[in-house]
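>>> Build the 3D model from these lines:
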Amino acid sequence: MSMAEEYIANKTKNEIAASEDNIPPHEPKIYESGYFFLSQQISALKDSMDAKFDRVDSKFAEVHKEIKDLSNTMDARFEAARKESDARFEAARKESDAKFDKIDAKFDAVYKVIEDLADKIDARFDAAKKETDARFDKIDARFDAAKKETDARFDKIDARFDAAKKETDIRFDKIDARFDTAKKETDARFDKIDSKFDAIHREISGLQRWAFALIATVIIGFAAIYFK
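Okay, the predicted model is just below:
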């Protein structure tokens, strides 16, 4: 038995012995052989637990080593794949740059041709514009002369229309005066008719009052005769 086991056994024995003083007489006592057997069981349990923990630690170490090896392998593969991808992208970029350079050169050549053609077209348009402006200047001069002549003719026509308008206004003023006179005469006649209608209405109102009074008198007379 090791020193630790002996210490545990002695401690357990002392604790049990100390507690035996309080054990009632009818309960059984634990002897030294029981202490030794209990100590052996504790030692066996401890050894078994230590062995299991050692196996677990060993397995964890193996798993950790496998994970580390796998990580190193994956890192190496990813690094190789990255280098290969970088090389491919670089080659593709160089090829694309070369193609774009050729396209740019073609576009520059086409653009130069277009610029030269545009310059020629601009020169032709400028010449055509100058010629067209000169022709339109001549046309404007002709239109100005024609406009002056037309304005003079329209001024004469306006003068004639003004004279005709004045004469027409005088005639319409006379017609308006006649209409005003006729309107006044018509209004006077209608006023007389309205006066006659008012007199008739007054006579009808008097007859209505007289009829109502007559009817009331007859009713009162009949009532007096009936209730007499």
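>>> ok, how many other residues are close to residue 200?
10 (other Cβ atoms under 10 Å). For every residue, glycine as well, the C-beta is placed using N, CA and C.
>>> Please identify the helix or strand for residue 204.
helix 32-226 (DSSP states H and E).
>>> what helices or strands is that helix leaning on?
Secondary-structure packing of helix 32-226 (3 or more Cβ pairs under 8 Å, 6 or more residues apart in numbering; DSSP states H and E): helix 3-20.
>>> residues contacting residue 88?
Contact analysis of residue 88 by Cβ atoms under 8 Å, 6 or more residues apart in numbering lists nothing.
>>> mind checking how far it is from residue 95?
Note on residue 88: its distance to residue 95, by Cβ to Cβ, to the nearest Å, is 11 Å.
>>> Find the least confident helix or strand in the protein, judged by mean pLDDT.
When each helix and strand of the chain is scored by mean pLDDT, DSSP states H and E, helix 3-20 comes last, with a mean of 54.
>>> Can you list the low-confidence ranges for this protein?
Within the chain, the stretches falling below the threshold (pLDDT under 70) are 1-35, 226-228.
>>> Go again with 80.
In the predicted model of the chain, residues 1-40, 78, 125, 221-228 satisfy pLDDT under 80.
>>> what about residue 98, neighbour count?
Residues within reach of residue 98, counting by other Cβ under 10 Å, total 10.
>>> what does residue 42 give?
Residue 42: 14 surrounding residues under other Cβ under 10 Å.
>>> heads up, I number from 526, so please use that
Okay, using 526 as the starting number, the last item reads as residue 567.
>>> If anything else comes up later, I'll come back, but that's it for now.
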